[in-house]
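> Coordinates for the following, if possible.
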Amino acid sequence: MSAEGPLARPHLAHRPAAGSPTLLLLHGAGCGGWVWDFLSDAFQQAGYPVEVLDFTRQAQGREAGLGDYVAQARAALAATGGPVVAVGHSLGALVAQRLLLEPRLVAAALLCPVPPEGLWFSAARLAFADPILFSEAARMDAPPGSAPAELADSLFGPGMPEAEARACLARMGGESRLALWEAQAPQPVPHGWLHRRPVLVLGAGGDRLIPADAVGRCALWHGAAAPGFLPDLGHLMMREPGWPAIAERVLAWLKRLQ
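You can find the predicted model right below:
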């Protein structure tokens, strides 16, 4: 796609100071590190070191659980040479929240986050409001490429090109059933008064999986400012043509931290 196309990089004039934190990018369920391609490039263009973690969905010959994902992220933290800001999406944002007492983690940006209460309330509401979407979302453990084309309307906003949506769907799947099941329950996420880390919370106006009230409760739990919402984006917001708006918001927030 040309540099002038809908997924073109924005011009990012901000350059961080020396000693800026490493950004640890944590993907959501059924995805992989590939979902961060656009944002990773933008963050590095702005001068931030970036580490992209691909969660390993098998642990010691069994399906990995959320605790295994947290351990993998904690190991990635330990491997960095300085302060880290976690940038997590959906299930990856839940993992980021469980790390907020780690000394090396200085802040977290949460995109369409699974809230500390878990998914049980949002999932129950989705089951009544849209049982077909609920059924498909629950099948993120299916092999990659098995997601029906109709799921694109639920994952992406109206501006997502059809070809790009199909390409993403073909790569999605293979999630640990154990991790998906555990994510339904309330999580051991430290409250904001305890961890006292800056937290940025961003939601998508067209997100049908993590509703606005759940995003709001997540921000409230962490004592963060009211969440920002990108009105024309869906759940997989970082893959849509509007992704530069995410980069700009995260980078502006990082600048204020310095």
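
> so how far is residue 150 from the residue nearest to the spatial centre of the chain?
With distances taken as CA atoms, centre = their mean, the residue of the chain nearest its centroid is residue 89 (0.4 Å). Between residue 89 and residue 150 the computed distance is 22 Å (CB to CB, to the nearest Å). No exception for glycine: its C-beta is placed from N, CA and C like everyone else's.

> what does residue 207 give?
17 Å.

> out of the two, which sits in the busier spot?
For residue 207 and residue 150, the more surrounded residue by other CB atoms under 10 Å is residue 207, and the numbers stand at 24 against 11.

> Identify the spatial nearest neighbour of the more buried one, chain neighbours not counted.
residue 235 (4.6 Å; CB to CB, 6 or more residues apart in numbering).

> Report the contact partners of that neighbour.
By CB atoms under 8 Å, 6 or more residues apart in numbering, the contact list for residue 235 reads 90, 112, 154, 155, 156, 204, 206, 207, 208, 209, 210.

> So the second one sits against residue 215, correct?
Spelled out, it's residue 112. Yes. With contacts counted by CB atoms under 8 Å, residue 112 reaches residue 215, the gap being 7.1 Å.

> Give the residues shared as contacts by these two.
203, 207.

> Name the residue in these two with the higher neighbour count.
More crowded of residue 112 and residue 215, by other CB under 10 Å: residue 112, with 30 against 27.

> quick one: contacts for the more buried one?
Contacts of residue 112 by CB under 8 Å, 6+ apart are 28, 89-90, 93, 202-204, 207, 209-210, 215, 235, 237.

> any idea whether the closest residue to it other than its chain neighbours is helix, strand or coil?
Of all residues not flanking residue 112 in the chain, residue 210 sits nearest, at 4.8 Å (CB to CB, 6+ apart). Classification of residue 210 using DSSP: H, G, I helix; E, B strand; the rest coil returns coil.

> separation between residue 210 and residue 221?
Per CB to CB, residue 210 is found 14 Å from residue 221.

> So between these two, which is more surrounded?
Neighbour count, other CB under 10 Å: between residue 210 and residue 221, residue 210 has more, with 24 against 19.

> Now residue 109: which helix or strand?
strand 105-111 (DSSP states H and E).

> Please identify the pairing partners of that strand and their relative orientation?
According to DSSP bridges, strand 105-111 forms sheet pairs with strand 84-89 (parallel), strand 199-204 (parallel).

> Throw those strands into a markdown table and include mean pLDDT and distance to residue 36, thanks.
Shown next, in a markdown table, are the strands paired with strand 105-111 (pLDDT from 0 to 100; distance: least, CB to CB, whole Å):
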| stretch | mean pLDDT | distance to residue 36 |
| --- | --- | --- |
| strand 84-89 | 98 | 8 |
| strand 199-204 | 98 | 15 |
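
> most neighbours per residue, which of these?
strand 84-89 (a mean of 28; mean count of other CB atoms under 10 Å).
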